[in-house]
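Peer 1: pasting a predicted model and its sequence here:
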Amino acid sequence: MDEKILVTRSSMPSFEEYTAEIRDLWESRWLTNMGAKHNQFRAELSAYLGVENTDLFTNGHMAIELSLQAMGLKGEVITTPFTFISTTHAIVRNGLQPVFCDIDPKDYTMDVSQIEELITPKTCAILPVHVYGNVCQVEEIERIASQYGLKVLYDAAHAFGVRYKGRGVASFGDASCFSFHATKVFHSVEGGAVCFKDREFGQAVYSLKDFGIQSEAEIDGVGANAKMNEFCAAMGLCNLRHMEEVLALRKRVVQEYRRLLADIDGLQLNVIQKDVEPNYAYFPIVVDEEKFGADRDEICEKLRQNNIFARKYFYPLTNAVSCYKDRFDAGLTPRAAYVSRRVMTLPLYADLDLEIVREICSLILECKK
Ligand code: T4K
C-alpha cells in the first residue's frame with residue numbers, strides 16, 4: 001500500500017460549508033464562553049439524540065470528570081477496565097475509588113450479572129461504557145441502580161447516534177457522556193457533551209465547566225475551564241448535517257469487512273445486538289491464536305508492514321496501566337484481560353475505499369495457518 005492507512009480518518013464538511021458557518025464570528029467577536037453557536041449546537045444535539053437536556057464541553061473526558069463531580073459522589077464507583085484510560089482517570093481524579101467489573105465476552109460491555117456482588121456500603125455509582133458503540137444492558141443496570149440507590153453515568157463516548165428499542169442511547173441512566181474528538185463517528189474537532197434529566201445536575205455541571213462561577217461575585221464550586229468554543233461548535237453544527245451520509249458510508253465498510261471475515265475459525269467479529277440501531281464506530285476483531293494459527297500481534301505486524309495501522313483498542317486494560325501499578329488487580333477481570341490481549345480494531349472511516357478493505361482482509365487471512 002503506497003499511502004498510509006490509519007485506524008480512522010476524520011470526516012469533515014466542505015471547506016466552504018465550514019467557513020460559511022464561522023463567518024459571523026468575525027462580526028460578533030464572541031468566540032467562546034457559551035456563545036450563539038454553542039447554544040445552537042446544544043439545542044440541535046438534544047433534538048438529534050432524543051434527550052431532554054444536553055451540555056457541551058471541551059472534550060469527552062471533561063464531560064465525564066465534571067459530571068461525576070456534579071453528582072457529588074463519594075466512595076466507590078463500579079466500572080469496566082475495558083475502555084479508554086479517560087473513564088478510569090475521571091473516577092480517580094474525583095477522589096473516587098474505581099471497582100472493576102468484568103466484561104461480557106460477547107459484546108465487551110460490563111457483565112451485569114457480576115455487578116451486585118461488587119456493591120458495598122461505599123458504592124455510590126455505576127459507570128458503564130457503551131464500548132465500540134455496543135449498548136450495555138441498560139434495563140438490568142437501571143434495576144440494580146434503583147434497588148441499591150446508585151447513580152448511573154454512562155460513558156457513551158463511542159455511542160453517538162446509537163438507538164436502543166427506538167430510544168436514543170443517552171436517554172438511559174442519570175446521565176451519558178459523549179466524546180466529539182476528531183477520531184469519532186461524529187466530531188467537533190475536540191468536544192464532548194453530557195445528556196441528563198435532572199435540572200439541578202445541569203446547573204451544577206454548567207457552572208463547573210466555567211470555574212464554578214455563578215455570578216461575578218459568586219463562585220460556589222471548585223470548577224475547571226471546560227467550555228466548548230465557537231469554532232468547535234461550528235464544526236459540530238456542520239458535521240451534524242451530514243450524519244446520515246457518514247453512517248451510510250461507514251455501514252458499507254462494515255458490511256464489506258463482515259462479508260469477508262465472517263465465519264473464519266478463530267476470528268470473533270463484533271456482535272450485532274438485538275433492538276440496536278448501530279453507528280458503525282469501530283470494527284474490533286478478537287483473535288483466538290489457537291484456532292486461527294496466528295496471534296493478534298502477528299496480524300498487526302503484518303498489516304503494519306503493508307502500511308496499514310490497525311490499533312489495539314483497548315490494550316492494556318485500564319486496571320493494568322503503569323500509573324495504576326500496584327493499585328488495581330487486572331487478575332480480577334480475567335475475561336477483560338483475555339479480550340484485551342487478543343483484540344484489534346481495523347481501519348474504519350466514511351471514505352475508506354472498499355478495495356482497501358478487501359486488501360486488509362486478504363492480508364489478515366494470509367496470516368491464518
Ligand atoms: N471514553 C472513551 C471510551 C473514549 O474512547 C474516549 C476517547 C474518552 C472517554 C475521552 O474522550 P475525549 O476526551 O478524547 O473527547 C484516541 C482519541 O484521542 C480519543 O478521543 C479516543 N477515546 C481514543 C479511543 O482514541 P489515540 O491516542 O489513539 O489517538 P491518535 O492520535 O493515535 O489517533 C488515532 C487515529 O485517528 C490516527 O491514527 C489518525 C486518526 N486521526 C487522529 C487525529 C488526532 C484523524 O483522522 N484526525 C485527527 O485529528 O486516542
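Peer 2: Received the coordinates, thanks.

Peer 1: run through who's touching stretch 271-279.
Peer 2: By C-beta atoms under 8 Å, 6 or more residues apart in numbering, the list of residues contacting stretch 271-279 from outside reads 106-107, 133-135, 158-165, 185, 247, 250. From N, CA and C alone the C-beta is placed, and that goes for glycine too.

Peer 1: in strands, which of those residues appear?
Peer 2: Assigned to strands by DSSP state E, the following of the contacts of stretch 271-279 qualify: 163-164.

Peer 1: of the contacts of stretch 271-279, buried ones?
Peer 2: By the neighbour-count criterion of 16 or more other C-beta atoms under 10 Å, the contacts of stretch 271-279 include these buried positions: 107, 133-135, 158-164, 185, 247, 250.

Peer 1: ok, which of those also contact the ligand?
Peer 2: The overlap between the buried ones among the contacts of stretch 271-279 and the neighbours of the ligand (C-beta under 6 Å from any ligand atom) comes to residue 158.

Peer 1: next step: the contacts of stretch 271-279 restricted to helices.
Peer 2: With DSSP state H as the criterion, helices contain 247, 250 from among the contacts of stretch 271-279.

Peer 1: pick out the most distant pair among the contacts of stretch 271-279.
Peer 2: When C-beta to C-beta is used, the two most widely separated members of the contacts of stretch 271-279 are 106 and 247, lying 23.4 Å apart.

Peer 1: flag every residue of the stretch 1-150 of the chain that's near the ligand.
Peer 2: Residues of the stretch 1-150 of the chain found near the ligand, taking C-beta under 6 Å from any ligand atom as the criterion, are 6-10, 59-61, 83-84, 86-87, 129.

Peer 1: could you rerun that using 5 Å?
Peer 2: Contact residues (C-beta under 5 Å from any ligand atom) of the stretch 1-150 of the chain with the ligand: 6, 8-10, 59-61, 83-84, 86.

Peer 1: mind checking which of the residues you listed land in strands?
Peer 2: Taking DSSP E as the definition of strands, these contribute residue 6.

Peer 1: which of the residues of the stretch 1-150 of the chain next to the ligand are buried?
Peer 2: Looking at these with 16+ other C-beta under 10 Å, the buried ones turn out to be 8, 59-61, 83-84, 86.

Peer 1: now stretch 222-235, how far from the centre of its chain.
Peer 2: Relative to its parent chain, stretch 222-235 has a centroid offset of 19 Å by C-alpha atoms, centre = their mean, to the nearest Å.

Peer 1: buried ones in it?
Peer 2: Going by neighbour count (16+ other C-beta under 10 Å), the buried part of stretch 222-235 is 223-224, 226-235.

Peer 1: can you give me the strands in the stretch 251-369 of the chain?
Peer 2: 267-269, 276-277, 283-287, 308-309, 343-346 (DSSP state E, counting those that start in this stretch).

Peer 1: ok, the residue lying closest to residue 289 once chain neighbours are set aside - contacts?
Peer 2: On the basis of C-beta to C-beta, 6 or more residues apart in numbering, the spatially nearest residue to residue 289 that is not a chain neighbour turns out to be residue 295, at 3.8 Å. For residue 295, the set of contacting residues under the criterion of C-beta under 8 Å, 6+ apart consists of 287, 289, 342.

Peer 1: hang on, the earlier thing: among the strands of the stretch 251-369 of the chain, which comes closest to the ligand?
Peer 2: strand 308-309 (6.1 Å; C-beta to the nearest ligand atom).

Peer 1: which strands and helices sit next to that closest one?
Peer 2: In terms of contacts (3 or more C-beta pairs under 8 Å, 6 or more residues apart in numbering; DSSP states H and E), strand 308-309 is packed against strand 5-6, helix 354-366.
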